[in-house]
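>>> coordinates only, sequence not included:
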């Protein structure tokens, strides 16, 4: 009997040792993968784009050693902390969970670092740095302190939103400019499109001045200059996904146009993009909206607290634009067309009501902050007594890296 117990104990210890070794190997693999790919990235990225590499000690200090009281968000793959750097600047720190497989973490982590370090736009959340030490992959981004668009539309008490029609137009213009920038970013020798592939109201952050920022580039892809689409699985939140690409497995900038169209409808109706509590045929906002427009009762689906007689004409124009965004892929406008139309609508509305023009586009000083020289920015001529600049990114295209950042990860 004693011999059996000893044997059982030895077997148990052996199993525990094997499990520990597997975890150690997984951790080392995770570190090696992230460090190797990021080394390739930093060697090829233009120096002015390279994000700062933080040490594990700096990240721990900034988050009070990942104190629970610093947590401002949770997801299936990681936790977001409010961090304070040594220079007293407040940042957002995203830390990936240790129990997430290294293959998934490396792809998501490297994808976000690679994409965000190539772009800089006033309406896209800035990546300030990263840390890949000891398997504790973290992303350090600018801190946006006024919640998400989703929270402002749907999360207020008694279902009442604080966002006026004019503010909603402002947010729509700003996010359309960010997407137009991603889709048509270019340098003098290369043309590369970046598709976000996860546009929704939860990925749009607002600062204290209600200036919008597009965030979360985990699903983003780079489309080479000689292609208009790539193979891949479209993943994201229900209600925002392009039904055509879900079937065809082909991804393109038109996917972002569709998702943005859903956000436009969300802004007009104050209804959720998908509501599982509704009857089966009414759960998706896009289908409900399309049916209402087709039957000529589009005005009945709008939020009556926001859409009134004074802005109904402009709202109808936004309805028509949203309809075109949600149409068939080959009939959808580009984000450049969408951005220009929204800009004109917002200008017309402000002018007609005698309101001060909202500052939608970058001032010359802010345009200098966009990557690429101002002389390379393309001037969009809009026949409403104004010309506006849209930023351009200076991107690099490293084929050795592209294959490593292809991801299809379903996010919570």
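In hand now; what should we look at? Quick caveat: nothing in here was measured; it's all calculated off a predicted structure. Numbering: from 1, shown residues only.

>>> Could you list the low-pLDDT ranges of the stretch 101-250 of the chain?
Within the stretch 101-250 of the chain, the stretches with pLDDT under 70 are 134-135, 156-160, 185-190.

>>> All the helices of it, residue numbers only.
Taking DSSP state H, counting those that start in this stretch to define them, one finds helices in the stretch 101-250 of the chain at 102-116, 149-154, 165-184, 243-248.

>>> Go through these and pick out the most buried.
Mean neighbours per residue, mean count of other C-beta atoms under 10 Å, is largest over those for helix 165-184, with a mean of 24. Glycine gets a C-beta too; all of them are placed from N, C-alpha and C.

>>> That one packs against which elements?
strand 193-195, strand 204-206, strand 212-214, helix 253-269, helix 312-325, helix 335-352, strand 386-390 (3 or more C-beta pairs under 8 Å, 6 or more residues apart in numbering; DSSP states H and E).

>>> okay, these in TSV with distance to residue 89 and mean neighbour count next?
Shown next, in TSV, are these (distance: least, C-beta to C-beta, whole Å; neighbours: other C-beta atoms under 10 Å):
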stretch	distance to residue 89	mean neighbour count
strand 193-195	27	24
strand 204-206	17	24
strand 212-214	17	23
helix 253-269	30	25
helix 312-325	37	19
helix 335-352	31	20
strand 386-390	28	17
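
>>> Can you tell me which of the ones you listed has the worst average pLDDT?
Lowest mean pLDDT of these: strand 386-390, a mean of 32.

>>> tell me the contacts of the closest residue to residue 237 other than its chain neighbours?
With sequence-adjacent residues excluded and distances taken as C-beta to C-beta, 6 or more residues apart in numbering, residue 237 is closest to residue 200, at 5.0 Å. With contact set as C-beta atoms under 8 Å, 6 or more residues apart in numbering, residue 200 has these partners: 150, 236-237, 239-240, 259, 262-263, 273.

>>> Show me the one of the helices and strands packed on helix 165-184 that comes nearest residue 114.
strand 193-195 (10.2 Å; C-beta to C-beta).

>>> how distant is the closest one from the center of its chain?
Per C-alpha atoms, centre = their mean, to the nearest Å, the displacement of strand 193-195 from the mean C-alpha position of its chain is 12 Å.

>>> same thing with stretch 254-264?
Chain-centre distance of stretch 254-264: 12 Å, with C-alpha atoms, centre = their mean.

>>> Outside of that stretch itself, list whatever touches it.
149, 172, 175-176, 179, 182-183, 195-201, 204, 234, 236, 239-242, 245, 273, 285-286, 318, 321-326, 329, 332-335, 338.

>>> tally of neighbours for residue 227?
Using other C-beta atoms under 10 Å, residue 227 has 9 neighbouring residues.

>>> Would you list the phi and psi of it?
Backbone torsions for residue 227, taken as degrees, to the nearest 10, come to phi -130, psi 150.

>>> so how far is residue 296 from it?
Distance from residue 227 to residue 296, counting by C-beta to C-beta, to the nearest Å: 40 Å.

>>> same thing with residue 347?
Between residue 347 and residue 296 the computed distance is 28 Å (C-beta to C-beta).

>>> residues contacting residue 276?
So residue 276 contacts residue 283 (C-beta under 8 Å, 6+ apart).

>>> just checking, it is part of a strand?
No: the assignment for residue 276 (DSSP: H, G, I helix; E, B strand; the rest coil) gives coil, which keeps it out of a strand.

>>> Tell me the confidence at it?
If you check residue 276, the pLDDT there is 81.

>>> The one 4 residues further on now?
The score at residue 280 is 78. That number is its pLDDT.

>>> Start the count at 34 instead of 1 going forward.
Sure thing, new numbering starts at 34, so read that last one as residue 313.

>>> how many other residues sit next to it?
As a burial measure, residue 313 scores 7 neighbours (other C-beta under 10 Å).

>>> Residue 267: neighbouring residues, count only.
Residue 267 has 23 nearby residues by other C-beta under 10 Å.

>>> cool, and residue 266?
Quick note: residue 266 (other C-beta under 10 Å) scores 13 neighbours.

>>> wouldn't it be in contact with residue 281 here?
No: between residue 266 and residue 281 there is no contact under C-beta atoms under 8 Å: 10.6 Å.

>>> from memory residue 206 sits against residue 376, does it?
Yes: using C-beta under 8 Å, residue 206 is in contact with residue 376, at 5.8 Å.

>>> Report the contact partners of residue 173.
Counting by C-beta under 8 Å, 6+ apart, residue 173 has contacts 84-85, 87, 92, 116, 124-126, 160-164.

>>> one more time with 6 Å
124, 126, 161-162 (C-beta atoms under 6 Å, 6 or more residues apart in numbering).

>>> For those, which entry has the maximal number of neighbours?
Within those, most neighbours by other C-beta under 10 Å means residue 126, with 28 neighbours.

>>> Remind me which helix or strand that residue belongs to.
strand 123-129 (DSSP states H and E).

>>> Could I get the average pLDDT for that strand?
The pLDDT scores in strand 123-129 average 95.

>>> Summarise which helices and strands that strand is packed against.
Here strand 123-129 touches strand 111-117, strand 171-175, going by 3 or more C-beta pairs under 6 Å, 6 or more residues apart in numbering; DSSP states H and E.

>>> Check the gap between residue 175 and residue 212 for me.
Counting by C-beta to C-beta, the gap from residue 175 to residue 212 is 19 Å.

>>> go on, residue 363?
Counting by C-beta to C-beta - residue 363 and residue 212 are separated by 19 Å.

>>> so how far is stretch 166-180 off the chain centroid?
Remark: stretch 166-180 is offset 14 Å from the chain centroid, using C-alpha atoms, centre = their mean.

>>> buried ones in that stretch?
For stretch 166-180, burial by neighbour count (16 or more other C-beta atoms under 10 Å) applies to 166, 168-177.

>>> got it, and stretch 116-134?
Quick answer for stretch 116-134 (16+ other C-beta under 10 Å): 116-118, 124-129, 133.
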